[in-house]
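Colleague: need a 3D model of the following:
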Amino acid sequence: MYSSRLRHGAGRNRLAAALDRRRAAGLPILDLTLSNPTSAGFAYSPKLLKPLADVRGLRYEPQPFGLPSARQAVSDDFSRRGAPIPPERIVLTSSTSEAYSFLFKLLCDPGDTVLAPQPSYPLIEHLAGLDAVTLESYSLEFHGTWSIDVDGLHERLARASGRSQVRAIILISPNNPTGSVVKPEEARSVSSLARDHDVALIVDEVFADYPLDGRSPASVSVHTGGTALTFTLGGLSKTVGLPQVKLGWIGVTGPAMLVSEAMERLETIADTYLSVATPVQAAACELLAEGAAVRSQIQARIAANLDRLRTAAAANPACSVLPPDAGWYAVVQVPNLKSEEAIVLDLLDGSGVLVHPGYFFDFARESFLITSLLPDPAAFAEGVARVLRHFDCSASRS
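Modeller: Prediction:
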């Protein structure tokens, strides 16, 4: 009766069940997986959402790509990051997830393939499945820093079969959770591969506003030279810390003829859904401007929490923090004394701390723990101390 696009598992996993038990018992949880900035104690101005009440929101003027004023605001925001994209090449969506869905519909027939980095956030696999698209991975390799396995990507494209065409390569920069940023030479290499094999680039840059260690990641499109058709994604959720105000976008760049054809087809898709609410479009300029104050708070928090994590881990030689370039997550390598699942369950049951295991993000080997850098500083410091104490005790028992 049900579509095979919707994968239905055999119930909740052991970590979810353990969380349910702990919550039912009223036991405290130090949540180091917090990803919702509106729950992280940042100071949001009570007037921040006032533009949503603008009288312009009372008039419905459906436009497939969005209101011109909102597209101009997003174009200006791209320029702020040094990656100018004109408003006529901006497509508004209700979220980055919807942007992916639009692009899968644009580029892929059922069964076609898109390539995405591994490790990375598992949401893309679910989005691809809902559009009957096959997701395959290419490797991010860690050798002191993260890098794309460009040779492996080239080999995969070279052996593409006629039955399942590769239609797009997804680049996530900064990546979640590794915090790695696509390097200029990698961007040029991958763009050339995309051009040579007639595939598009989908570039997810939702975390680009959160550099770490003083690095400011440039947009991938700046380095590609327009060699391949490229779709760059962003949204209010991360850029100004407003996940509840649903507005995402796609910036389209590349060879002029390919861009023109893509925009023509995207117009049909966007016009079919018309999913973006008028009030948020009318308010886009003000939200992007005023939301910068929230962004600044997030930037300061994640930098300070990363310093806390590194300082604490330095005192425990059994654990190490893999260096992130940007984003609001950190990867901690820990002793491989048990499976990641057992480690995470022990931390939750024994220390009341919740972290993600690396296998949630398809790390190729164990043992890695993923922590958000968003939590309140005091809670973050306490949670990290408990995690590291756990491995001190383990080392002494062994």
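
Colleague: is the residue most central in space within the chain in a helix, a strand, or coil?
Modeller: The structure's the chain has its C-alpha centroid closest to Asn176; by Cα atoms, centre = their mean the separation is 5.2 Å. Three-state call for Asn176 (DSSP: H, G, I helix; E, B strand; the rest coil): coil.

Colleague: equivalent analysis for Ala70, please.
Modeller: helix.

Colleague: could you list the buried residues of the longest strand along the chain?
Modeller: As assigned by DSSP state E, the longest strand anywhere in the chain is strand 134-142. For strand 134-142, the neighbour count (16 or more other Cβ atoms under 10 Å) marks 134-135, 137-140, 142 as buried. No exception for glycine: its C-beta is placed from N, CA and C like everyone else's.

Colleague: check stretch 217-224 too.
Modeller: Quick answer for stretch 217-224 (16+ other Cβ under 10 Å): 217-221, 223-224.

Colleague: okay, those in JSON lines with secondary structure and pLDDT next?
Modeller: Listed next are those as JSON lines, based on DSSP: H, G, I helix; E, B strand; the rest coil; pLDDT from 0 to 100:
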{"residue": "Pro217", "secondary structure": "coil", "pLDDT": "75"}
{"residue": "Ala218", "secondary structure": "coil", "pLDDT": "79"}
{"residue": "Ser219", "secondary structure": "coil", "pLDDT": "88"}
{"residue": "Val220", "secondary structure": "helix", "pLDDT": "91"}
{"residue": "Ser221", "secondary structure": "helix", "pLDDT": "87"}
{"residue": "His223", "secondary structure": "helix", "pLDDT": "85"}
{"residue": "Thr224", "secondary structure": "helix", "pLDDT": "85"}
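
Colleague: which of those sits closest to Phe361?
Modeller: Comparing those against Phe361 with Cβ to Cβ places Pro217 closest, at 19.6 Å.

Colleague: just give the nearest non-adjacent residue to that closest one, would you?
Modeller: The shortest distance from Pro217 to any non-neighbouring residue, by Cβ to Cβ, 6 or more residues apart in numbering, is to Val181 (4.2 Å).

Colleague: part of a helix, is the one you found?
Modeller: No: Val181 is assigned coil when assessed by three-state DSSP, not a helix.

Colleague: show the contacting residues for it.
Modeller: 173-175, 215, 217, 325-326 (Cβ atoms under 8 Å, 6 or more residues apart in numbering).

Colleague: need the contact partners of stretch 144-159.
Modeller: Counting by Cβ under 8 Å, 6+ apart, 115, 117, 136, 138-141, 166, 169, 175, 178, 180, 182-183, 186, 189-190, 193, 197, 199, 322-323 sit against stretch 144-159.

Colleague: ranges for the helices of this protein?
Modeller: 14-24, 68-80, 96-107, 123-130, 150-158, 184-196, 220-224, 236-239, 256-273, 278-282, 284-290, 292-314, 340-346, 377-397 (DSSP state H).
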